[in-house]
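[1] fold the stuff below for me.
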Amino acid sequence: MISATIGFIGGGNMAASIIGGLLASGVPGNHIRVGEPNAKSRDKLQALGDIQVGADNDAVISQSDIVVLAVKPQVMRSVLESLATPLRERRPLLISIAAGVTTGAMNDWLGDNLAIVRCMPNTPALLQSGATGLFANAAVSDTQRQQAGAILEAVGLAVWVEKEVQLDAVTAVSGSGPAYFFLMMEAMQASGEKLGLDADTARQLTLQTALGAARMALEGDVDVAELRRRVTSPNGTTERAIGLFEQGGLRQLVEQALTGARDRADELAKELEGE
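    Have a look, this model is predicted:
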């Protein structure tokens, strides 16, 4: 159970998903505060539970032990510079979910050596099925590290990396990863229709198969390579399909795609720091 008071600067979809996960895990609503400028967004957040929602970010910071920075990367600098004084005075643990904004850049904008955990969640966090990579700077204590991990575990898996640059790889694998699987499902559904299935049947079979395969991989006691081998009977239909994937260079294409995503994450970070 997290006993600290948690404040959110920004109340978009990801913040709402984390708040929902925290409430579902038993964190009392009166331990959660949100600063959100948009009135409609505040109404949606208030509907999540008995949490304190308002437009005053300074008030959120003054009452919070942990502050989750849930704003868009493009506005992170202006937000932090406007809140630098209350953050330096309160010195909460900062948790940033803004992609591409490094801990070094955030401390430069704040003008002090604050404890910062930077994390890369993904969209399934909206269903408490997320995968998040986290990095802590040197100012983060063991207790704060545990608190940050518990907050992100409220919406799924949370794993730590030891080097901040590894978050670019996390972005490539899990941050962008849902879209890769959506693309595969899109292609399978379209192929099923070309093979004679109606659209709804092709969709249902594709999505249930994806869910079943993921559950087998997560809940089983063998790795995915062995699971693939077990499904692939010699001279069977699956072997024919797998062979064509291999001939088409699927593995190399995946590696190229993830490397491209990793490189783009690094480029975006440099662009944001150069603003």
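
[2] wait, isn't residue 11 in contact with residue 33?
    No: using Cβ atoms under 8 Å, residue 11 is not in contact with residue 33; the gap is 10.5 Å. Using the backbone N, CA and C atoms, a C-beta is placed for each residue, glycine as well.

[3] got any residues that touch both of these two?
    Overlap between the contact sets of residue 11 and residue 33, as judged by Cβ atoms under 8 Å, 6 or more residues apart in numbering, is given by residue 53.

[4] which residues of the stretch 151-275 of the chain fall in helices?
    Counting by DSSP state H, counting those that start in this stretch, residue ranges of the helices within the stretch 151-275 of the chain are 166-170, 177-194, 199-219, 224-231, 237-247, 250-273.

[5] so which of the ones you listed is the most surrounded?
    Comparing the helices of the stretch 151-275 of the chain by mean neighbour count (mean count of other Cβ atoms under 10 Å), helix 166-170 comes out on top with a mean of 22.

[6] how far away from the center of its chain is it?
    A distance of 12 Å separates the C-alpha centroid of helix 166-170 from that of its chain, computed with Cα atoms, centre = their mean, to the nearest Å.

[7] now for that helix, which elements pack on it?
    With contacts defined as 3 or more Cβ pairs under 8 Å, 6 or more residues apart in numbering; DSSP states H and E, helix 166-170 has these neighbours: strand 116-120, strand 130-136, helix 250-273.

[8] specify the residue positioned farthest from the middle of this structure.
    Ranked by distance from the centre of the chain (Cα atoms, centre = their mean), the top residue is residue 235, with 40.7 Å.

[9] do you know how far that residue is from residue 137?
    55 Å (Cβ to Cβ, to the nearest Å).

[10] residue 122 is in contact with residue 177, correct?
    Yes: counting by Cβ under 8 Å, residue 177 touches residue 122, with 6.6 Å between them.

[11] so what sits against both of those two?
    With Cβ under 8 Å, 6+ apart, residue 177 and residue 122 have common neighbours residue 131.

[12] check contacts around the spatially most central residue of the chain.
    Central residue of the chain (Cα atoms, centre = their mean): residue 121, 0.9 Å from the mean position. By Cβ under 8 Å, 6+ apart, the contact list for residue 121 reads 14, 18, 97, 130, 131, 132, 152, 155, 156, 175.

[13] and the nearest residue to it once chain neighbours are set aside, how far is that from residue 274?
    In space, and not counting its chain neighbours, residue 121 is closest to residue 132: 4.3 Å by Cβ to Cβ, 6 or more residues apart in numbering. The gap separating residue 132 from residue 274 is 27 Å, by Cβ to Cβ.
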